[in-house]
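Visitor: model the structure of this input:
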Amino acid sequence: MASGLTPLRKNWSGLLPVPGDTGEYEWSGFLPFDDLPRRYNPPEHSLATANHNILPAGYRHQLGYEWAPPFRFQRVREMLAAGGKFTVADFERMQQDVTSAPARRFQKVLGRWRPAPGSREAAVVARLSAWDARLTTDSVPATIYALWVARLPQFVFGRELGLRTDLSMLLATLEARHDPKALEQALGAALEELTKNLGPDMDRWTWGRVHHAHFRHPLNATELDRGPVSRPGDATTVNNTSPGAGFRQTSGASYRHILDLSDWDKSVATNTPGESGDPASPTATCWRTGPPGATIRCPTAARRSRRQPSNASAWFRRTLRGETPARGRPLSPGASVQANRLPVEIADWNREGVTLGALAIIGPGAARRNLRCGHALPGAPEVF
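Guide: Predicted coordinates for the structure are as follows:
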């Protein structure tokens, strides 16, 4: 179910400003809970969302007007459709997936273009046609593809209209109407720019050289900056690493978790830029790592019963006993300590749930008595 409070506007959409002093544009309540979109026990045995339009066909209420293209959702559905019994490691791979659905569509568009044999254009088309459509940091076709489709709109729609189109419209237009002239002009512009910025050796045009993230410390403490770090993926991949100006990552997936309902202690999570606020910690940038085995996991813990705390990991067990591995002194309920320079109040470990950063482990009364801090704790395993 898409839960939340949706205002009922009887005579306007909410998209534009309206007078606030007349009373004629007041909300008339909220959409009833039973009218929210939902799916129950779907035949495919899974649910997937990726910021795309989730409204069912014929749904008569408007919950929003801006949605992400469905590319990431389509790729998630493709991976889930493989069937079988998925493990935590399988979902880790899904979250880190950088296969581009629009890149695959663009490859089909290129399949209809026949550049002159032996030309530079023919060599590039051959290279992109053999590409696996994965935007990995070491991929040269990924770089060419990204800049090519970024330059295409102005040659397909014109400079002014091209600025107002998106990738979905571009691909749909090229699929409906073959435009070899626009393909050639945009490719020429892309190759010229890449040669200027990355040099004449095409084999060095890897995606990681142009697509990166840079976390600058808010106090301008450059020694605590993170990056620039080469990043895989783009805005259309499940591992969303949306590039902005100059292909620098400006947004994307940050906090992730995978919860194993059959064994809570196998649940994992990562946060951005890492699990720890300590720049010397090996978990300080674990968010950027890729496949399982390279990803540093932050185990969660859940209660096996209301009486016995979980034994998810050594650090969590010791914390539940009131011990502090880093300092070797006991902590009592209600005590305050400094954790990564954040004041933290210790709750009653044995009877209440515990909140660690963005992950909540809920027990009786946990909403009132838990591990409290001003904001999400960096580095849950290292807090104490």
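
Visitor: what about the residue most central in space within the chain, distance to Ser46?
Guide: Closest to where the C-alpha atoms of the chain average out (CA atoms, centre = their mean) is Ala253, at 2.0 Å. Distance of Ala253 to Ser46, computed by CB to CB, to the nearest Å: 19 Å. Backbone N, C-alpha and C define where each C-beta goes, glycine included.

Visitor: tell me the mean pLDDT for stretch 83-102?
Guide: Averaged across stretch 83-102, the pLDDT comes to 91.

Visitor: which residue packs closest to Gly111, ignoring adjacent ones?
Guide: Ser129 (6.8 Å; CB to CB, 6 or more residues apart in numbering).

Visitor: ok, the one you found - contacts?
Guide: 107, 110-111 (CB atoms under 8 Å, 6 or more residues apart in numbering).

Visitor: returning to what we had before: quick one: secondary structure of the residue lying closest to the residue nearest to the centre of the chain once chain neighbours are set aside?
Guide: Nearest residue to Ala253, sequence neighbours excluded (CB to CB, 6+ apart): Asn240, at 4.7 Å. Here Asn240 is coil, with the state taken from DSSP: H, G, I helix; E, B strand; the rest coil.

Visitor: Asn240 contacts Phe71, doesn't it?
Guide: No. Counting by CB atoms under 8 Å, Asn240 does not reach Phe71; the two are 10.0 Å apart.

Visitor: and the two? Which one has more around it.
Guide: Phe71 (24 against 20; other CB atoms under 10 Å).

Visitor: might one say that that one is in contact with Arg104?
Guide: No. Using CB under 8 Å, Phe71 is not in contact with Arg104, being 9.7 Å away.

Visitor: what confidence value was assigned to the residue nearest to Ala253?
Guide: Asn240 is given a pLDDT of 92.

Visitor: contacts only, for it.
Guide: By CB under 8 Å, 6+ apart, the residues touching Asn240 are 72, 233-234, 251-253.

Visitor: could you measure from it over to Asn41?
Guide: Relative to Asn41, Asn240 is positioned 29 Å away (CB to CB).

Visitor: then Gly20?
Guide: 44 Å.

Visitor: out of these two, which sits in the more crowded spot?
Guide: Neighbours per residue (other CB under 10 Å) separate Gly20 from Asn41, with Gly20 holding more: 8 against 5.

Visitor: filter the contacts of Asn240 down to the buried ones, ChimeraX style.
Guide: The following ChimeraX line selects those of those that are buried, judged by 16 or more other CB atoms under 10 Å:
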select :72,233,234,252,253
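
Visitor: if we take the contacts of Asn240, which one ends up nearest to Ala150?
Guide: Comparing these against Ala150 with CB to CB places Asp234 closest, at 10.3 Å.

Visitor: which parts of this protein are helices?
Guide: Taking DSSP state H as the test, the helices found in the chain are 71-80, 88-95, 101-110, 120-129, 140-157, 159-162, 167-176, 180-198, 207-210, 314-320.

Visitor: export those helices to JSON lines and tack on distance to Asp35?
Guide: Formatted as JSON lines, the helices of the chain follow (distance: least, CB to CB, whole Å):
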{"stretch": "helix 71-80", "distance to Asp35": "23"}
{"stretch": "helix 88-95", "distance to Asp35": "32"}
{"stretch": "helix 101-110", "distance to Asp35": "32"}
{"stretch": "helix 120-129", "distance to Asp35": "46"}
{"stretch": "helix 140-157", "distance to Asp35": "39"}
{"stretch": "helix 159-162", "distance to Asp35": "38"}
{"stretch": "helix 167-176", "distance to Asp35": "29"}
{"stretch": "helix 180-198", "distance to Asp35": "45"}
{"stretch": "helix 207-210", "distance to Asp35": "44"}
{"stretch": "helix 314-320", "distance to Asp35": "42"}
